[in-house]
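Peer 1: curious how this folds, go ahead:
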Amino acid sequence: MPNELTIETIEKSLTAEGFSSPDRPAWLDRSYRDPPGFWQEILQIQKNRFPWPPKSVPFRGYDFYHDIIGRNSGRSAPDSPPAFLWYDPGSGWQKITYADLGVQVEKRAAAWRRFGVQAGQTVCILHPLGIDFLVALLTALKLGLVLSVLPPEGRSFMEKRLENLAPDYLATDEILLTRLPAWQNRILPRTGSGEAAAPEKGNSFLYASGTVAARLFDPASETPHVPREVTSDALYLAPLRDGMIALGLSPGRTVAAPGFHFLETQPALLLAALLNGATFLHVEPEDIETSPELLIRYPLKAIGISPQVRDILLKTRLPAGSFWKFWFHNPAESGDLHTWTKFVSALQLEEVLTGNLVWNAAAGGCSLFSFRRPGQPYPFVLPSAGVPWQLRDMTFRDTESLLDFGILSLAVPGLPDEEPRIMPTLLARSHQEWLPAGAAVSGRSGRYYPRPEVLDVIDMLPLDVYFSIVENVSFSENTASFILLVFTGTSAKAEEATLGRQIRNHIIKEMGTEFVPDRIRFYPLVPRRNTEGGIDHTWCSSEFRNGGLHRKSRHPLYQSLSRLREYLYA
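Peer 2: Numbering: from 1, shown residues only. Here you go, the predicted structure:
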């Protein structure tokens, strides 16, 4: 591939007018055919933006710490752009420069080394997105650890994933020990409390190409509790590409994505900012609801808008058009273009560029990006640059689709023979672009809903009732909801409101708010059993959809049959 790619070429070729489908950029098609050449050009663009060259060389080795902290720490003037900018409801806006961030990381690294941490061991970071998460992430990369991340959510949610990950260490707050007592001897020390740890400026680690640098959980996978290996190549190159191409970032620019799904985006989204010398701005949706003007306090080169934040901002007349250069959303989360159009009008974004990004951190970064069009949102996407891809048949997923429709399969940099991975997205051709045509997994917002795991958690409750979860798909809106069926039997009248609250609270405690069913339906019946003696969930689903449960709960014959089942199951 000739060395002709520039950031100006990229930005110009990805900017389109109106809804007409522009020609796909020639450099993008070349990137699919010649990934090594593409990545060399991307790294050359990055070299030209910094006074010092990176240590990383594509498909040879990657020094995350040097390329993030070492290359940016020279910008240490008081007015230099920060690495991380966050809002604290108690003390207001806080910021940290790359240089000061390096000092904190060196102190944390010294404390971890004294604890016995060695390169190649696995650490799971259980911090919410914030300064503690950032310091732990860069410390792990400086020391050459295999990193994993989890949000500190429900007890069962964390325990199941930690059991499969089997990390050597946890980086988290000690308060979490009340929920994870079995892991108390693996909690890594933190600096800043008690005796201060002296910085230890040892050399940062160089991850060899093809080695495992992370083991991340994929919420779009049908096994979301099983970690997936991420090579050093994918962990470095994909965020570098996404920050530069998908987000348009450069040193000093600022990006934010409040309310975006933690496991879907992290650490890829944060690394996309840091590897490009940009500023990552973090603010919680709850604080935006109280003070919407937080999102126009600083000019933003790129901002991701989740459905939650969209709905908050729709209640305001926030004049964001003068403060945002580009906003994006995940089309898998919400295909309601009518509501997004109202959002554009309410925030005066008619002249602001918009686009679509679909993240899969367990595959390195973005799986899909898009052209940028001013004004109205649109549904079209493009497979991410630099990785070969194809559409797979919906039935035989190891076979290429013979139609312009199928399941997206992407090669992951650094895996043997660029091993492809199936993404959860169905795509249909639309001229030079692709239209997301739904999810290839049973779930919500493009993410798998782990019904067996949720049912196991509900079964922990000491209740003499039966449960099943049914997926209800709305084809008109391309969305799915999940309904918990509660079979209370015929022996006693259940207090439905109290029981419903008890179930919801238990799911939140053990799994997290994300996994609460959309609705709960109660039936004074006993469900059919399968041949293994468990609840026949196929029968439950079929009877719910055809209205059978509603009719049978009111028919004397089926009431008698349920009483017989109660006797047999006792």
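
Peer 1: ok, Met394 touching Leu408?
Peer 2: No. Using Cβ atoms under 8 Å, Met394 is not in contact with Leu408; the gap is 11.4 Å. C-beta coordinates here come from the backbone N, C-alpha and C atoms, glycine included.

Peer 1: between these two, what contacts are shared?
Peer 2: Residues touching both Met394 and Leu408 by Cβ atoms under 8 Å, 6 or more residues apart in numbering: Leu426.

Peer 1: okay, the two: which has more neighbours?
Peer 2: Taking other Cβ atoms under 10 Å, Met394 and Leu408 do not tie; Leu408 has more neighbours (24 against 14).

Peer 1: tell me who's in contact with that one.
Peer 2: The contact partners of Leu408, by Cβ under 8 Å, 6+ apart, come to 367-368, 383, 389, 391-392, 422-423, 425-427.

Peer 1: once you drop chain neighbours, what's closest to it?
Peer 2: Nearest non-adjacent residue to Leu408, counting by Cβ to Cβ, 6 or more residues apart in numbering: Met423, 4.2 Å away.

Peer 1: next, Leu141: secondary structure please.
Peer 2: Here Leu141 is recorded as helix under DSSP: H, G, I helix; E, B strand; the rest coil.

Peer 1: which residues are in contact with the closest residue to it other than its chain neighbours?
Peer 2: Leaving aside its sequence neighbours, Leu141 sits nearest to Phe64 (Cβ to Cβ, 6+ apart; 4.0 Å). Each residue near Phe64 by Cβ under 8 Å, 6+ apart is listed here: 56, 138, 141-142, 204, 207, 235-236, 271, 275.

Peer 1: cool, Glu159 as well?
Peer 2: Contacts of Glu159 (Cβ under 8 Å, 6+ apart): 180, 182.

Peer 1: sec struct for it, please.
Peer 2: Three-state call for Glu159 (three-state DSSP): helix.

Peer 1: can you show me the strands along the stretch 351-500 of the chain?
Peer 2: Using DSSP state E, counting those that start in this stretch, the strands of the stretch 351-500 of the chain run over 353-356, 358-360, 365-369, 373-374, 382-383, 389-392, 405-411, 420-430, 433-439, 443-444, 447-448, 466-474, 479-487.

Peer 1: okay if I get the ones you listed as JSON lines plus mean pLDDT and distance to Ser542?
Peer 2: Formatted as JSON lines, these follow (pLDDT from 0 to 100; distance: least, Cβ to Cβ, whole Å):
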{"stretch": "strand 353-356", "mean pLDDT": "96", "distance to Ser542": "36"}
{"stretch": "strand 358-360", "mean pLDDT": "96", "distance to Ser542": "33"}
{"stretch": "strand 365-369", "mean pLDDT": "96", "distance to Ser542": "34"}
{"stretch": "strand 373-374", "mean pLDDT": "93", "distance to Ser542": "44"}
{"stretch": "strand 382-383", "mean pLDDT": "96", "distance to Ser542": "37"}
{"stretch": "strand 389-392", "mean pLDDT": "93", "distance to Ser542": "29"}
{"stretch": "strand 405-411", "mean pLDDT": "92", "distance to Ser542": "26"}
{"stretch": "strand 420-430", "mean pLDDT": "89", "distance to Ser542": "25"}
{"stretch": "strand 433-439", "mean pLDDT": "88", "distance to Ser542": "22"}
{"stretch": "strand 443-444", "mean pLDDT": "88", "distance to Ser542": "20"}
{"stretch": "strand 447-448", "mean pLDDT": "94", "distance to Ser542": "22"}
{"stretch": "strand 466-474", "mean pLDDT": "88", "distance to Ser542": "9"}
{"stretch": "strand 479-487", "mean pLDDT": "90", "distance to Ser542": "12"}
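
Peer 1: for Arg71, find the nearest of these.
Peer 2: Among the strands of the stretch 351-500 of the chain, the nearest to Arg71 by Cβ to Cβ is strand 365-369 (19.8 Å).

Peer 1: now the angle from the closest one to strand 405-411?
Peer 2: 140 degrees (axes from the mean of the first three to the mean of the last three Cα atoms, to 10 degrees).

Peer 1: which outside residues touch strand 365-369?
Peer 2: Strand 365-369 is touched from outside by 234, 238-239, 241-242, 245-246, 268-269, 272, 355-360, 381-385, 408, 410, 423, 425, 434, 436, with contacts defined as Cβ under 8 Å, 6+ apart.

Peer 1: so what's the gap between stretch 253-261 and the chain middle?
Peer 2: Put simply, stretch 253-261 sits 12 Å off its chain's centre (Cα atoms, centre = their mean, to the nearest Å).

Peer 1: contacting residues around Leu180?
Peer 2: Leu180 sits next to 155, 158-159, 162, 170 when contact means Cβ under 8 Å, 6+ apart.

Peer 1: switch to 7 Å and redo it
Peer 2: Each residue near Leu180 by Cβ atoms under 7 Å, 6 or more residues apart in numbering is listed here: 158-159.

Peer 1: any low-confidence regions in this protein?
Peer 2: Low-confidence segments of the chain (pLDDT under 70): 1-3, 74-79, 191-202, 415-418, 474-478, 491-494, 562-563, 565-570.

Peer 1: Gly61 against Thr211, yeah?
Peer 2: No. Assessed by Cβ atoms under 7 Å, Gly61 is found out of contact with Thr211, at 9.2 Å.

Peer 1: the longest helix that the chain contains packs against which elements?
Peer 2: Taking DSSP state H as the criterion, the chain has its longest helix at helix 98-115. In terms of contacts (3 or more Cβ pairs under 7 Å, 6 or more residues apart in numbering; DSSP states H and E), helix 98-115 is packed against helix 131-143.

Peer 1: and the following helix or strand past the helix it packs on, what does it pack against?
Peer 2: Past helix 131-143, further along toward the C-terminus, the next helix or strand under DSSP states H and E is strand 146-149. Applying 3+ Cβ pairs under 7 Å, 6+ apart, we find strand 146-149 packed against strand 122-126, strand 212-217.

Peer 1: quick revisit: tally of neighbours for the residue nearest to Leu408?
Peer 2: Neighbour tally, Met423, other Cβ under 10 Å: 26.
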